[in-house]
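S.K.: could you look at this predicted model? Sequence included:
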Amino acid sequence: MAPFGGKRLVRGGKIIPLEGEPPKRFVITMFDSAEKAQAWRDSPGWKALLPIRDKAVKSREFIVEGISN
């Protein structure tokens, strides 16, 4: 993730539900652009981890464009 400029903003921690059922775990990763996030997801390094990851977790993933400074 680091070669693509990604860094974790949230990883684990207590989730306090305000409305609806919370997930068991939550991670937010920030990239400089949606293109860099997609490049990380398309990288050989990430793809090599997928078989292991798919056996270990059930997840939902999204790219969400935010506000730039």
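M.R.: That came in fine, so what should we check first?
S.K.: for the chain, what spans make up the strands?
M.R.: 7-11, 27-30 (DSSP state E).
S.K.: turn these into JSON lines, columns for mean neighbour count, distance to Gly66 and mean pLDDT.
M.R.: Yep, even glycine has a C-beta here, placed from its N, CA and C like the rest. Shown next, in JSON lines, are these (neighbours: other Cβ atoms under 10 Å; distance: least, Cβ to Cβ, whole Å; pLDDT from 0 to 100):
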{"stretch": "strand 7-11", "mean neighbour count": "10", "distance to Gly66": "10", "mean pLDDT": "91"}
{"stretch": "strand 27-30", "mean neighbour count": "13", "distance to Gly66": "8", "mean pLDDT": "92"}
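S.K.: now render the ones you listed as JSON lines, adding distance to Lys47.
M.R.: JSON lines is the format used below for the strands of the chain (distance: least, Cβ to Cβ, whole Å):
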{"stretch": "strand 7-11", "distance to Lys47": "20"}
{"stretch": "strand 27-30", "distance to Lys47": "17"}
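S.K.: nearest to Asp42, out of the ones you listed?
M.R.: For these, proximity to Asp42 was assessed by Cβ to Cβ; strand 27-30 is nearest, at 15.0 Å.
S.K.: for burial, what's the neighbour tally of the closest residue to Ser43 other than its chain neighbours?
M.R.: In space, and not counting its chain neighbours, Ser43 is closest to Phe4: 7.2 Å by Cβ to Cβ, 6 or more residues apart in numbering. Residues contacting Phe4 under the criterion other Cβ atoms under 10 Å number 20.
S.K.: tell me the contacts of Phe4?
M.R.: Phe31, Lys36, Ala37, Ala39, Trp40, Ser43 (Cβ atoms under 8 Å, 6 or more residues apart in numbering).
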